[in-house]
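>>> 3D model of this:
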Amino acid sequence: MGQQVSTDGSHKQGNLSNYQHAYAQANTMITVKEGSPARAALNKHVEEDQDFKALQKLPKFSPLMRGSLNLPVMRDSGILGKIDSKDAISFVNRYEEHLKLCSQTVTVDQVMLASRMKEIDVLMDLVMNKVAERQHKLNTFATCARATQSIENCIKKIQNNLEDCITLAEQFNNLLPEEQKLEPLRL
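Here you go, the predicted model:
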């Protein structure tokens, strides 16, 4: 709706001119101005850096078989002619076997670690359940201890009240005539 697809040749000409324009841009030389003073100061600081100097002192090296780079300039038939293909294949096969053995060892270790982790997870769940159960019991005992302390405080109050009552009863008994006196209270 409202969008129409152009089927004339002008679209192809536009692509062609875009391609020619991009090609012309790719084949032009662009010169870059000298960097800013801050950039120059940074470069000076980098050149004075001891690590940078040490890296510059390292000798340059190239691969043993320069032909492996697939660069026409780097073709060197000298080393390639000296290497026996049977020995190289034997070496590569032994290296492959070594890597297989290492990968199998790592796989076995990973499987053992995974199973051990599952066992530890189960044990941790059991330990956490026991800890939660003990925590629940501890909370129950703490509640009982608080209740016992409350009951003990009530009993002490009752005992103090009884002692006060006994002293009051003795004082009241002492005020009575001799024939109306009661026997002393014994607790």
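>>> any low-confidence regions in the protein?
1-46, 61-81, 187 (pLDDT under 70).
>>> Can you check which helix is longest in it?
Ranked by residue count and defined by DSSP state H, the top helix of the chain is helix 85-175.
>>> Run through the neighbouring helices and strands of that helix.
In terms of contacts (3 or more C-beta pairs under 8 Å, 6 or more residues apart in numbering; DSSP states H and E), helix 85-175 is not packed against any helix or strand. To be clear about C-beta, it is placed using only N, CA and C from the backbone, and glycine gets the same treatment.
>>> got the phi/psi numbers for Glu183?
For Glu183, the backbone dihedrals (degrees, to the nearest 10) come out as phi -70, psi 150.
>>> Okay, it and Ile83: tell me how far apart.
Note on Glu183: its distance to Ile83, by C-beta to C-beta, to the nearest Å, is 126 Å.
>>> who has more neighbours, those two?
Shown here are Glu183 and Ile83; by other C-beta atoms under 10 Å, Ile83 has more neighbours (12 against 6).
>>> Look up phi and psi at the more buried one.
Per-residue torsions, Ile83: phi -90, psi 130 (degrees, to the nearest 10).
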